[in-house]
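Asks: Curious how this folds, go ahead:
(2 chains)
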2 protein chains.
Amino acid sequence: LAGGKMLQIKRALHALNPAEIANLLVSLPPRERMLVWEMVSPEDDGEVLLHVPESVRTGLIRQMDTAELVKAAEELEIDDLADFLEHLPETVTQQVLKALDADDRARLERVLAYEPDTAGGLMNTDTVTVRPDVSLDVVQRYLRLRGELPPHTDALFVVDRYGAYLGALPLDKILTRAPEELVANVMERETPAIPAGESAHDVARRFESADLISAPVVDAKGVLIGRITIDDVVDVIRSEAEHNMMSMAGLTEDEDLFAPVRSAMSRRAIWLGINLLTAFAAASVVGRFESTIAQVTALAVFMPIIASMGGIGGSQTLTLMIRGLALGQVGRGNFRFLIGKEIALAAFNGLLWGLVVGGVALYFFDNGLLALVACLAMLVNQLMGACSGVLVPLLLKRIGVDPALAGSVVLTTVTDVVGFFALLGLGTLILL
Amino acid sequence: LAGGKMLQIKRALHALNPAEIANLLVSLPPRERMLVWEMVSPEDDGEVLLHVPESVRTGLIRQMDTAELVKAAEELEIDDLADFLEHLPETVTQQVLKALDADDRARLERVLAYEPDTAGGLMNTDTVTVRPDVSLDVVQRYLRLRGELPPHTDALFVVDRYGAYLGALPLDKILTRAPEELVANVMERETPAIPAGESAHDVARRFESADLISAPVVDAKGVLIGRITIDDVVDVIRSEAEHNMMSMAGLTEDEDLFAPVRSAMSRRAIWLGINLLTAFAAASVVGRFESTIAQVTALAVFMPIIASMGGIGGSQTLTLMIRGLALGQVGRGNFRFLIGKEIALAAFNGLLWGLVVGGVALYFFDNGLLALVACLAMLVNQLMGACSGVLVPLLLKRIGVDPALAGSVVLTTVTDVVGFFALLGLGTLILL
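Replies: So this is what the prediction gives:
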């Protein structure tokens, strides 16, 4: 990023859309990120900020002065602006609100009244509405007068004179049906209105299952207050799917791969600290059997095998359960089938790989009883892994803890503790 | 699912859309799944089959006779039909092709010519095209004659008389611009055409970054051959995001939580078998130090702590890298920053938790040298975890292996082997 290249970069930036610029910024180490950020043209600033993960956004916003922030905010659509305001210091928020005209301010406040992870928080207020008792011809004349439609408008919404939602009027119907037909006869009544309080998760499921592009949002009285478009829903879908994967490693889906060391430090350290506590639990089991190990050191050789195989088997079940819970596929009705199936699988795998491990024990240590101990410990720990894989996420969910976040810590603690206990305990019973 | 309830279920099924029925089927154990599947009305069969994961689909298709399959196929759009045909036995495919009219067969063959995970495989052939030299008024009269537009049509495509793609004509432009304007003056030239060979992954990134709803697909000569709509892209986005998480547990994103035991057995067993091999590698390190363990059994207590902490630390780095690689954020330019940052984090965490573990060793075993060994082993293994977390996915990618699938196996093998080697090796050097 030497001086001479600045102009080249600036030109390249102009060719990118905000999402692409955001992706570039996310891929840059902190120092380069700030340099490039200063070169982004001010009218893109707002949208770029919305496309980067929260952790990156904070750093970029810190770099901007109030005037720049107000300018960036002015370029945004209402729903995006609402998201954006959440991340600004209070003083800047006040200035942005002042800079808006009364109409926009009222619309913004309507969106801000809802939690960001609800339909109300996702919605945009730029709906175009028509009455049911006019003809398509009138609608079309109105549209021509009105000029350009908001982006991602695939349908107008039909409301009565109190603003209550009646149905959707897709653009292609206006174009393909006879001009003299009434809106009431052409509109689609089955397009469901989404209650403003519905969770973003449910909204995403709804869009996915009905292949929606936009959908109306209504308040408790059925009055149309906005619409949700697919582009915002795609963000929800991606971040939900990533949430599970990142949580399983104790990270958030907003984690910044290129965060400065200092900001990543505390969260990573805490996660390792939690895992250290659970490792102590496993180690203390080993500690209880120190005298057994002193007499049969071969048991120490099998410790990592039994423990890790239990963890791997359990993790497979756990991963399936976490996704199943997220997609709403696991419930009381199929629990019994599920646990039965996972136990059957674990019994099969436990026996199969237990016999292999027993065979290895027999070959290298020439000790039939040691082989029996290793085989039994493998079977016990596979069964334990399967049961924990099913039960741990269900129990965590019941007590309100995110199974994706805490599931693998709890599961591997169980499989480590049980694995060591089975191996060393059986060893003490059978070998001494 | 007693006899009396059948009617109730049948009625409930009628109220669900195909995606919802698919979700219900996925949540059912095999026997109940087949019962409900028989109650789904034939005109929904095709779409339901497309919404269930591949593993479930195979089971459902096996249940249907040829006549039912042909009927289901007839209800589908061309792009969906192409997907569907891939999963049918060859004889049924032939019969479906025979049942289609010549026109549809030609369109279907165009889609089938492309790999399913490319733009050509994702596309639908139901484009509505217009010429650039006509007025909007003419376009509108044509649309009214033509009648209903294909679902998710937000734009018509403008082509020259050889069929080459020129631009997009959004429906809202037809509605809001003056009727006498020419298509050529109104159309959007910047809407990019997607080459048919582009990967589904790149198509998804393109839709996400430009917030597209539909996009034209062209062949090598620039001739418009179809369009891709956002609903198909959403499926790609979800399955890619889930792919990483499922792969890390040795599962596929198609894995069926409620699969019968037999069909889940072989894949799970293979994954455990691979992991057993790597566990043997770690165990063989322990085996080399059997005499050290016999003399200082306390070392066995610290084995699980050092190994698991290395694995956890490395997995955090690995998870970030896998997502970064999937999103195209990791490259040559930022590699050096990345590895430097991860090493710095690991050094900090290794020292911090090494000192804690050393303190515990001192307290319980009253042995300063043992404390030193545990602390150093922790530091070494954290550093190793961080380096593997960065390097393993990059190397796997270079040799063409999916980092999400093989990454955690390789990483934990490294951290187990190095962890045991550091702990027991240092123990041999310092304590004996």
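
Asks: can we go C-alpha only for contacts and neighbour counts from here?
Replies: Fine.

Asks: residues touching the spatially most central residue of chain A, list them.
Replies: For chain A, residue A:240 is the residue whose C-alpha lies nearest the centre (CA atoms, centre = their mean; 2.2 Å). Not one residue lies near residue A:240 by CA atoms under 8 Å, 6 or more residues apart in numbering or on different chains.

Asks: Local confidence estimate at it?
Replies: What the model reports as pLDDT for residue A:240 is 84.

Asks: Does it lie in a helix or a strand, and which?
Replies: helix A:230-248 (DSSP states H and E).

Asks: Any buried residues in that helix, and which?
Replies: For helix A:230-248, the neighbour count (16 or more other CA atoms under 10 Å in any protein chain shown) marks A:230-234, A:236-248 as buried.

Asks: So what angle separates the directions of that helix and helix B:230-248?
Replies: 0 degrees (axes from the mean of the first three to the mean of the last three CA atoms, to 10 degrees).

Asks: What is the subsequent helix or strand relative to helix A:230-248?
Replies: Next along from helix A:230-248, by DSSP H and E: helix A:261-288.

Asks: Can you name every helix or strand that that following helix contacts?
Replies: Helix A:261-288 makes packing contacts with helix A:403-431, helix B:298-326, helix B:332-365 when contacts are defined by 3 or more CA pairs under 8 Å, 6 or more residues apart in numbering or on different chains; DSSP states H and E.

Asks: mind putting those helices in TSV, distance to residue B:151 included?
Replies: Listed next are these as TSV, based on distance: least, CA to CA, whole Å:
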stretch	distance to residue B:151
helix A:403-431	37
helix B:298-326	31
helix B:332-365	43
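
Asks: In CSV: those helices, plus mean neighbour count and distance to residue B:160.
Replies: Converted to CSV, the helices and strands packed on helix A:261-288 look like this (neighbours: other CA atoms under 10 Å in any protein chain shown; distance: least, CA to CA, whole Å):
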stretch, mean neighbour count, distance to residue B:160
helix A:403-431, 23, 53
helix B:298-326, 25, 38
helix B:332-365, 18, 43
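
Asks: closest to residue A:75 out of the ones you listed?
Replies: Ranking these by proximity to residue A:75 (CA to CA) places helix B:298-326 first, at 29.2 Å.

Asks: orientation of the closest one relative to helix B:403-431 in degrees?
Replies: Going by the same axes, to 10 degrees, helix B:298-326 makes 150 degrees with helix B:403-431.

Asks: does any part of helix B:298-326 sit near chain A?
Replies: Yes. Shown here: helix B:298-326 in contact with chain A (CA under 8 Å from any CA of the partner chain) through B:298, B:300-305, B:308-309, B:312-313, B:315-316, B:319-321, B:324.

Asks: Now do that helix: which elements does it pack against?
Replies: Helix B:298-326 packs on helix A:230-248, helix A:261-288, helix A:290-295, helix B:332-365, helix B:368-398, helix B:403-431, going by 3+ CA pairs under 8 Å, 6+ apart.

Asks: Compare those and report which one is nearest to residue A:28.
Replies: helix B:332-365 (6.5 Å).

Asks: For the closest one, give the mean pLDDT please.
Replies: 92.

Asks: Nearest residue to residue A:164 in space, please, no chain neighbours.
Replies: Once flanking residues are discounted, residue A:164 sits nearest to residue A:223: 4.0 Å by CA to CA, 6 or more residues apart in numbering or on different chains.

Asks: contacting residues for residue A:308?
Replies: With CA under 8 Å, 6+ apart, residue A:308 has these contacts: A:416, B:279.

Asks: what does residue A:53 give?
Replies: Counting by CA under 8 Å, 6+ apart, residue A:53 touches A:254-256.

Asks: mind running it again at 6 Å?
Replies: Shown in contact with residue A:53 (CA atoms under 6 Å, 6 or more residues apart in numbering or on different chains): residue A:254.

Asks: try residue A:280
Replies: If a contact means CA under 6 Å, 6+ apart, then residue A:280 has no contacts.

Asks: try it again with 10 Å
Replies: A:286-287, A:413, A:417, B:301-302, B:304-305, B:357, B:360 (CA atoms under 10 Å, 6 or more residues apart in numbering or on different chains).
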